[in-house]
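J.: sequence first, predicted coordinates after that:
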Amino acid sequence: MDEKTDSWAEALVRLRRAQGQLAAVIAMIEAERDRKDVVTRLAVVSHALDRAGFKTVADGIRQCLTERQRGHVPPLSEAELENLFLTPS
């Protein structure tokens, strides 16, 4: 596997983990579990999503810098990638 594929694989692992945690949150709410437990699990989901997003953006920035060093114009600037990560939709 190349570096790009490895980074996607890592992001997918994190997203699948978040997906499983989110399913657990939904089940907890349906079972009317304690709100503190639900919020704690939601924090885990949020953290997993943040990590996946950070990993994807960091790898994108690294790719842009590498492409720029090779004399290629990257499809997105570092500022654009940072904005994608930090600005909620």
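T.: Structure received.
J.: which of the helices or strands spans Ala79?
T.: When elements are defined using DSSP states H and E, Ala79 is found to belong to helix 78-86.
J.: and what of Pro88?
T.: Secondary structure assigned from DSSP H and E places Pro88 in neither a helix nor a strand.
J.: where in this protein is the helix or strand with the lowest mean pLDDT?
T.: Ranking every helix and strand in the chain by mean pLDDT, DSSP states H and E puts helix 78-86 at the bottom, with a mean of 72.
J.: which helix runs longest in this structure?
T.: In the chain, ranked by residue count with DSSP state H as the criterion, the top helix is helix 35-69.
J.: excluding its backbone neighbours, what's nearest Ile29?
T.: Nearest residue to Ile29 in three dimensions, chain neighbours excluded: Val38, at 6.0 Å (Cβ to Cβ, 6 or more residues apart in numbering). C-betas here are computed from N, CA, C, even on glycine.
J.: pull out the buried positions in stretch 45-65.
T.: Along stretch 45-65, the positions that meet the burial threshold by neighbour count (16 or more other Cβ atoms under 10 Å) are 45, 48-49, 51-53, 55-57, 59-61, 63-64.
J.: tell me how far it lies from the chain's centre.
T.: Relative to the centre of its chain, stretch 45-65 is centred 5 Å away, using Cα atoms, centre = their mean, to the nearest Å.
J.: cool, and stretch 17-25?
T.: Once both centres are worked out by Cα atoms, centre = their mean, stretch 17-25 turns out to sit 14 Å from its chain's centre.
J.: could you do stretch 57-74 as well?
T.: Remark: stretch 57-74 is offset 19 Å from the chain centroid, using Cα atoms, centre = their mean.
J.: check contacts around the residue nearest to Ile29.
T.: Listed by Cβ atoms under 8 Å, 6 or more residues apart in numbering, the contact set of Val38 reads Val25, Met28, Ile29.
J.: how much space between it and Ala18?
T.: Val38 sits 15 Å away from Ala18, taking Cβ to Cβ, to the nearest Å as the criterion.
J.: quick one, whatever helix or strand Ala9 lives in and helix 35-69 angle?
T.: Assigned by DSSP H and E, Ala9 belongs to helix 3-30. Relative orientation of helix 3-30 with respect to helix 35-69: 160 degrees, computed using axes from the mean of the first three to the mean of the last three Cα atoms, to 10 degrees.
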